[in-house]
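# Any chance you can model this:
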Amino acid sequence: MCPQKVLIFPLLFSILSSLYSGEPPLNSTGIGVLPEIHGIAFPFAFADSHHVALALIMCEEGFATSEDRKRVSEELKLDKDRLSKLAECLNELKEHNERAFVAQLVKKLDAKSRARFQELACQLSGPMVLQLDHYANRLQLSAAQQTKIQKVIADYMGKVGPFQVAIFTARTDKEVPPFQKKLNALARELDAKILELLSEKQREEWALLLGKKFDWGRIGSY
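Numbering: from 1, shown residues only. From the prediction side, this is the model:
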């Protein structure tokens with residue numbers, strides 16, 4: 001494995017480069033869309049830790065360039081004090097626990113910054129974020145829906161393993177794209193299966209959780 005890969009792949013934004021090519025939710029160009037690499041395709045040790053991932057890109061060296069961190073921080077309107085509080089959230093976690101982190105955001109960020117943070121995290125996560133009670137409650141998902149969502153996510157988490165291993169053990173960057181392409185396809189399959197479990201009204205509410213469109217650009221790309 002090349003030395004550059006050793007530095008890059010522990011990082012979650014290693015190959016996030018372009019926006020999801022599918023039709024934007026509610027056919028609105030102003031509403032948030034999913035990055036092409038999102039959800040279970042995301043290059044992170046825990047593919048369901050997207051809130052933590054978004055915090056890491058702003059608070060930890062090596063997860064993004066200084067320009068990238070600045071751009072996301074400006075989008076979230078985070079000054080040094082708020083960034084410090086966000087870093088506190090990360091430091092208080094014993095592991096990358098999404099549920100605990102989401103709960104801590106309430107205490108660390110003001111309402112406006114917290115709301116936009118959650119919108120961007122939903123864009124990175126895709127519909128699998130609905131496994132979290134915080135978002136399931138907002139869509140008023142039934143217990144049966146939540147159980148089905150958790151099951152389909154577990155099924156797909158099992159499918160991505162071989163491709164994630166292939167990426168992490170690739171000897172050169174040129175070997176990565178075919179495996180990442182397969183992960184992207186699995187992520188879109190999972191998105192569709194989760195959305196099928198929602199009512200039409202819930203799907204509309206899900207689209208609203210994404211907030212306004214954000215240009216992820218080439219954050220962390222090669």
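# just checking, what's the longest helix in this structure?
In the chain, assigned by DSSP state H, the helix with the most residues is helix 143-168.
# Show me what that helix packs onto, helices and strands only.
For helix 143-168, the packing partners by 3 or more C-beta pairs under 8 Å, 6 or more residues apart in numbering; DSSP states H and E come out as helix 133-138, helix 176-196. The C-beta positions use only the backbone N, C-alpha and C, and glycine is treated the same way.
# Could I get the buried residue list for that helix?
145-146, 148-149, 152-153, 156-157, 160, 163-164, 166-168 (16 or more other C-beta atoms under 10 Å).
# quick check: angle from it to helix 176-196?
On the basis of axes from the mean of the first three to the mean of the last three C-alpha atoms, to 10 degrees, helix 143-168 is oriented at 180 degrees to helix 176-196.
# Show me the shaky parts of the chain.
For the chain, applying pLDDT under 70 flags the ranges 1-32, 43-48, 94-96, 217-222.
# Now do the helices in it.
Using DSSP H, the helices of the chain run over residues 3-8, 50-59, 66-76, 80-92, 98-108, 111-125, 133-138, 143-168, 176-196, 200-209.
# need the contact list for the most centrally placed residue in the chain.
For the chain, the residue sitting closest to the mean C-alpha position, by C-alpha atoms, centre = their mean, is residue 124 at 2.8 Å. When contacts are counted by C-beta atoms under 8 Å, 6 or more residues apart in numbering, residue 124 is found next to 34, 35, 38, 39, 42, 50, 53, 54.
# Do I have it right that the third one meets residue 122?
No - here residue 38 does not reach residue 122: they are 9.7 Å apart, not a contact under C-beta atoms under 8 Å.
# hang on, isn't residue 211 packed against residue 117?
No - counting by C-beta under 8 Å, residue 117 is not a contact partner of residue 211; they are 9.9 Å apart.
# Looking at these two, which one has more neighbours?
Under the criterion of other C-beta atoms under 10 Å, the comparison of residue 211 against residue 117 puts residue 117 first, with 26 against 18.
# mind checking how far the more buried one is from residue 140?
Taking C-beta to C-beta, to the nearest Å as the criterion, residue 117 is separated from residue 140 by 22 Å.
# So which of the helices and strands packed on helix 143-168 is the most surrounded?
Highest mean neighbour count of the helices and strands packed on helix 143-168: helix 176-196, a mean of 18 (counted as mean count of other C-beta atoms under 10 Å).
# which residues touch stretch 179-193?
Stretch 179-193 has contacts (C-beta under 8 Å, 6+ apart) with 15, 22, 34, 36-43, 126-128, 152-153, 156, 159-160, 163-164, 166-167, 170.
# The helices of the chain: which one's closest to residue 215?
helix 66-76 (8.8 Å; C-beta to C-beta).
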